[in-house]
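Asks: Have a look at this prediction, sequence included:
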Amino acid sequence: MNGIYIQAPSLPNKNPVKYKNYISCYDIDTRQLLNCALTYRAIGIKDPRTSPDNNGGHNHGFDTHPVIQPANGVLQFSGTDTDPSPLGVGGQTQNSEVLITHPMPQVAGKIIVEETLTAPPGRRCAGGCFTFNSQKRKNTIDVGIPGLTRLPTSTAFHITARGGTASHPEGTWGTLNTVGRAVYLASEYFKITGRRLSINDLSLPKGGVFDIDSNWTKPHASHRTGTDMDLNRADEGGVTVNCEDDDALDKAIKEAHRQLPPVKRYCESKGRKHVDFD
């Protein structure tokens, strides 16, 4: 491996975040740029694909895990591309520095890319060689939100209860600020009700979209950056209240506002409760 590059996931309805790779080939003595043959391709997510650090928290969809945005998009090359495949580039450096632009997916995970440079006739490789006249190297593009932390499974004030854990075993990650504010909000709810708040999803370990194949009826569109939280309709005591009627949660949020920045509550379909700490 040549290096690991950190990139944020792309967001919906915005220009994709782009990883830019500038490539050149030169004479090691004179520093004169040469016309070398180039291949570059996005291979897929890093092995082992079952590692949350590599798959971004998606314990499923390994063969459909996108490595580009949109999933059916193409790599962009500043030169003349001779590779017809969408995830590959082929061409010449044309005695200049060329640019390959790789739009990042909305899904987090580690992407492996492979690059090969072959010297022009009469030249040979000077270091880190794959063959006598070529170099081949692999880089890792680490797509995700850095610094997220896991919400404790439970405290004196909350429990976590999630569904769909086979596909996303770890879905309660947030920023340090979000995790701290979530526990504080739960403490205020406990003071009012004497019952622990039941928390569902926050974000995946590295953020990004939950829904790889865009076929969920509730795709967690906003659960990407570790600042959103879903609450279950029933708290730990089994008291079930729809979002619109949850006076105790409203009171807890108002009390939390005395010590914390404003917390936004949104009511989703079927009485679901969504809290935004951003």
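Replies: Received the coordinates, thanks. Numbering: from 1, shown residues only.

Asks: pretty sure residue 19 is in a strand, no?
Replies: Yes. Counting by DSSP: H, G, I helix; E, B strand; the rest coil, residue 19 is part of a strand.

Asks: Any chance of the backbone angles for residue 168?
Replies: When read as degrees, to the nearest 10, the backbone of residue 168 gives phi -140, psi 80.

Asks: Please report how far it lies from residue 60.
Replies: Shown here: residue 168 relative to residue 60, a distance of 8 Å by CB to CB, to the nearest Å. Where C-beta positions appear, they are placed from N, C-alpha and C, glycine not excepted.

Asks: where in the stretch 101-250 of the chain is pLDDT low?
Replies: Across the stretch 101-250 of the chain, residues meeting the criterion (pLDDT under 70) sit at 214-220.

Asks: from the chain's centre, how far out does stretch 21-32 sit?
Replies: Centre-to-centre, stretch 21-32 and its host chain are 33 Å apart (CA atoms, centre = their mean, to the nearest Å).

Asks: what's the first-to-last distance across that stretch?
Replies: With CA to CA, to the nearest Å as the measure, stretch 21-32 spans 20 Å from end to end.

Asks: Please shift the residue numbers so they start at 17 in all later answers.
Replies: Done: numbering now begins at 17, and the last item shifts to stretch 37-48.

Asks: What residues sit buried inside it?
Replies: By neighbour count with 16 or more other CB atoms under 10 Å, stretch 37-48 contains the buried residues 37, 39, 41.

Asks: Check which helix or strand residue 83 maps to.
Replies: For residue 83, there is no host helix or strand (DSSP states H and E).

Asks: so it touches residue 61, yeah?
Replies: Yes. Using CB atoms under 8 Å, residue 83 is in contact with residue 61, at 7.0 Å.

Asks: residues bridging contact with those two, i.e. touching both?
Replies: Taking CB atoms under 8 Å, 6 or more residues apart in numbering as the contact rule, residue 83 and residue 61 both touch residue 127.

Asks: between residue 184 and residue 76, which one's more packed in?
Replies: Per other CB atoms under 10 Å, whichever of residue 184 and residue 76 has more neighbours is residue 184, with 22 against 14.

Asks: so that one sits right up against residue 72, yeah?
Replies: No. Counting by CB under 8 Å, residue 184 stays clear of residue 72, with 9.8 Å between them.

Asks: shared neighbours, the two?
Replies: residue 220.

Asks: could you pull out the helices for this structure?
Replies: Taking DSSP state H, the helices of the chain run over residues 68-71, 192-209, 263-272.

Asks: among those, which is nearest residue 168?
Replies: helix 192-209 (7.4 Å; CB to CB).

Asks: list the buried ones in the closest one?
Replies: With burial defined by 16+ other CB under 10 Å, the residues of helix 192-209 counted as buried are 194-195, 197-206, 209.

Asks: how close does the most centrally placed residue in the chain sit to residue 138?
Replies: Note on the chain: the residue nearest the mean C-alpha position is residue 124, at 2.4 Å, using CA atoms, centre = their mean. The gap separating residue 124 from residue 138 is 45 Å, by CB to CB.

Asks: contacting residues for residue 87?
Replies: Residues counted as contacts of residue 87 (CB under 8 Å, 6+ apart) are 80, 121.

Asks: Give the closest residue to residue 130 in space, chain neighbours not counted.
Replies: residue 154 (5.0 Å; CB to CB, 6 or more residues apart in numbering).

Asks: actually residue 135, not the one I typed
Replies: What sits nearest to residue 135 in space, not counting adjacent residues and going by CB to CB, 6+ apart, is residue 149, at 4.4 Å.

Asks: For burial, what's the neighbour tally of the one you found?
Replies: 17.

Asks: wait, it sits on residue 132?
Replies: No. Counting by CB under 8 Å, residue 149 stays clear of residue 132, with 11.1 Å between them.

Asks: can you count the residues close to residue 70?
Replies: Other residues lying near residue 70 total 22 when counted by other CB under 10 Å.

Asks: where does it land on pLDDT?
Replies: Looking at residue 70, its pLDDT reads 96.

Asks: For it, give me its contacts.
Replies: By CB under 8 Å, 6+ apart, the contact list for residue 70 reads 61-64, 125-126.

Asks: Check residue 276 too.
Replies: 197, 200-201.
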